[in-house]
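Colleague: what's the 3D shape of this:
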Amino acid sequence: MAARLAGLGSLLAALTLPGPLSAEPGPSPYAEFQRREALLFENGWQLARANRAFCKNTETSLGFLIHDAGNYGRPDAVKAALGLEGEIAVQAVASGSPAAKSGVAPNQSLSALDGEDVQTRWPATRPTVKRTLQIEDALARSLADGNAQLTFAGAGSSAERVFAGVTVCTAKFRLTSGNDAYAGPDTVFLGAEFAGFGMPEELLAAAIAHELAHVLLDHPARKEAERWGRSETRRSERVADRMMPWLLFNAGRDPRDTARWMRAWGPKHSGGLLRKRTHDGWDERLQMIEEEIALLEAQVLRNRWEPGEADWASRFAED
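Modeller: Numbering: from 1, shown residues only. A predicted model of the protein is given here:
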């Protein structure tokens, strides 16, 4: 819990002050924040679900993301803008997930979990995000023991349902502040101003796959425990680049989108003086990705793999 709280520190800043999101005319900044986090969650969850056969760590999931109006600087404004009846509500629902199939929708309030009133059982905390994590952990424990009983409220009515989850790779997906993308021990973070949000969704999915690769291979935890320097970090970035096409293929996506992503993002964000010393130049990264795509395509033909069958674990598990 402590590590996850530390990793979400910048998320609190983003939720308290949406920043550049509020400067543009048009939809509410809270609605735009929700839209972007939903894009992250949808693509991340689909990748985590599709690659479950090869993940070292898995969990049971219903495929929806909650958020707490209390995390924002103006909770009442959030509730009014999104039409929330309670403080704990559905932020996003992944298509095809158990939640989606049962009719769970964004902005429904989660009022009870296993018969307990959510806001009574989990009162507001400091930091505020601690309550969100407590509820997520309670839901995970409930699903691990069997079915979860949830009550959702919205549009003046409530409905109690019993859910059975599905297996996914253990990974969380959160929108945070700034324009960067990075991985925590169990979480993929994208900044609300990340350049991928201005690109086609299939290219954004490729960027998410890169950060998810770090999570699935325990890179953040290993980096801290083993005190990685620049060379070890650069090696892990190469592995994450090469693993992207495999993750996309298993999700039924075009693995060549990873090369398209690098061509679109790299020249402006990962070249020349902008290049991080822990990363190769974007053109070098593109070459490695294209070589990996060719290798993957050859393996797919040889093994007659369908989506969900590309065994990346035997290739990257030791990296």
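Colleague: quick one: the helices in the stretch 151-300 of the chain?
Modeller: Per DSSP state H, counting those that start in this stretch, the stretch 151-300 of the chain carries helices over the ranges 201-216, 219-226, 230-250, 257-269, 282-303.
Colleague: Let me see the ranges of the strands in this protein.
Modeller: Taking DSSP state E, the strands of the chain run over residues 58-61, 64-68, 88-93, 109-113, 116-117, 148-154, 157-163, 166-169, 172-176, 181-183, 187-191.
Colleague: and of these, who's closest to Val215?
Modeller: Closest approach to Val215 among the strands of the chain (CB to CB): strand 181-183, 5.1 Å. From N, CA and C alone the C-beta is placed, and that goes for glycine too.
Colleague: Pull the residues that contact that closest one.
Modeller: Surrounding strand 181-183, the residues in contact under the criterion CB atoms under 8 Å, 6 or more residues apart in numbering are 188-191, 194, 196, 207-208, 210-212, 214-215, 219-220.
Colleague: Could you list the low-confidence segments of the stretch 201-319 of the chain?
Modeller: Per-residue confidence of the stretch 201-319 of the chain (counting by pLDDT under 70) places the weak regions at 271-277, 318-319.
Colleague: Name the residues of stretch 183-201 that come out as buried.
Modeller: By neighbour count, and taking 16 or more other CB atoms under 10 Å as the criterion, the buried residues in stretch 183-201 are 183-197, 199.
Colleague: Show me how far it is from its chain's centre.
Modeller: For stretch 183-201, the distance from its own C-alpha centre to the chain's C-alpha centre is 8 Å (CA atoms, centre = their mean, to the nearest Å).
Colleague: Going forward, the N-terminal residue is numbered 573.
Modeller: Will do, 573 is the new start, and the previous item becomes stretch 755-773.
Colleague: so can I have JSON lines of the strands of the chain showing distance to Leu858 and mean pLDDT?
Modeller: Written out in JSON lines, the entries for the strands of the chain read as follows (distance: least, CB to CB, whole Å; pLDDT from 0 to 100):
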{"stretch": "strand 630-633", "distance to Leu858": "32", "mean pLDDT": "96"}
{"stretch": "strand 636-640", "distance to Leu858": "32", "mean pLDDT": "96"}
{"stretch": "strand 660-665", "distance to Leu858": "31", "mean pLDDT": "97"}
{"stretch": "strand 681-685", "distance to Leu858": "43", "mean pLDDT": "95"}
{"stretch": "strand 688-689", "distance to Leu858": "51", "mean pLDDT": "94"}
{"stretch": "strand 720-726", "distance to Leu858": "44", "mean pLDDT": "91"}
{"stretch": "strand 729-735", "distance to Leu858": "42", "mean pLDDT": "83"}
{"stretch": "strand 738-741", "distance to Leu858": "26", "mean pLDDT": "98"}
{"stretch": "strand 744-748", "distance to Leu858": "25", "mean pLDDT": "96"}
{"stretch": "strand 753-755", "distance to Leu858": "17", "mean pLDDT": "96"}
{"stretch": "strand 759-763", "distance to Leu858": "21", "mean pLDDT": "97"}
